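Trainee: my questions concern the predicted model and sequence given below.
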Amino acid sequence: MVRAAREEAAPISAATKAGPHGAMLWWGGLGCGAMVVLSPGSAVLLTTLMVPVALFALIPEDGGAGRVAKAASLFGLAASVHPLLVFWSHGTTLSAAIMLVRQPLILATSWVSILAGWFTSEAATLAVRLCSDIAAAGTRRSLAAAIVTLEEEWGPLPPRA
């Protein structure tokens, strides 16, 4: 009864409903909005170079917390360093950003590096699973050998009831 009164009296903010990552999402949106206002050319260039990361973020995952999108964004940001340096050296105008975006080699390099990040993330997951399966099989063999040794020493185990 007291809990129901508290829930009705205290309004819940949007950040509280979103969970622990709600504030970070809000700050990220604020940063993107500031970048669009202060440097629209940089925003156009980075948005175009990072389109595949947005697609990866839309895919639901089993592993949790967007690990594939994080790995892909790391690789994509690394590939975006050179285009951003070229953009800043040619002047930070919107026409310079569009000129860079229209070059297929720049887009291909960025997008292929994002795919490499995706592949690396998936390959690492498979490698970890394979290593843990190999370790479990080794443990299983050593336990089976220990059971055989104990049965030879003490006799067979009694049947389970």
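Mentor: Nice, thanks for sending it over. Residues are numbered from 1 along each chain as shown.
Trainee: name the nearest residue to G117, sequence neighbours excluded.
Mentor: F75 (3.1 Å; Cβ to Cβ, 6 or more residues apart in numbering). Backbone N, C-alpha and C define where each C-beta goes, glycine included.
Trainee: wait, doesn't the one you found sit right on V112?
Mentor: No. Using Cβ atoms under 8 Å as the test, F75 is too far from V112 to be in contact (9.3 Å).
Trainee: which element is A71 on?
Mentor: A71 belongs to helix 67-79 when assigned by DSSP states H and E.
Trainee: right, and the helix or strand after that helix?
Mentor: Next along the chain from helix 67-79, counting by DSSP H and E, comes helix 81-89.
Trainee: which ones are touching the residue nearest to G117?
Mentor: Shown in contact with F75 (Cβ atoms under 8 Å, 6 or more residues apart in numbering): S113, I114, A116, G117, T120.
Trainee: which of these are buried?
Mentor: Among the contacts of F75, those buried by neighbour count (16 or more other Cβ atoms under 10 Å) are S113, I114, A116, G117.
Trainee: can you pull the pLDDT of R6?
Mentor: Note on R6: pLDDT of 53.
Trainee: show me what contacts A57?
Mentor: Counting by Cβ under 8 Å, 6+ apart, A57 has contacts G66, A69.
Trainee: any idea how this protein splits into domains?
Mentor: Using automatic domain parsing, the domain ranges for the chain come out as 1-38, 40-154.
Trainee: okay, the angle between the longest helix along the chain and helix 67-79?
Mentor: Ranked by residue count under DSSP state H, the longest helix found in the chain is helix 104-154. For helix 104-154 against helix 67-79, the angle by axes from the mean of the first three to the mean of the last three Cα atoms, to 10 degrees is 140 degrees.
Trainee: same for helix 104-154, what does it pack against?
Mentor: Counting contacts by 3 or more Cβ pairs under 8 Å, 6 or more residues apart in numbering; DSSP states H and E, helix 104-154 is packed against helix 40-49, helix 51-58, helix 67-79.
Trainee: just the angle between it and helix 40-49, please?
Mentor: Going by the same axes, to 10 degrees, helix 104-154 makes 50 degrees with helix 40-49.
Trainee: quick one: helix 104-154 to helix 51-58, angle?
Mentor: Going by the same axes, to 10 degrees, helix 104-154 makes 40 degrees with helix 51-58.
Trainee: now helix 104-154: mean pLDDT?
Mentor: 92.
Trainee: how far off centre is that helix?
Mentor: 19 Å (Cα atoms, centre = their mean, to the nearest Å).
Trainee: that helix to helix 81-89, inter-axis angle?
Mentor: Between helix 104-154 and helix 81-89, the angle formed by their directions is 150 degrees, by the same axes, to 10 degrees.
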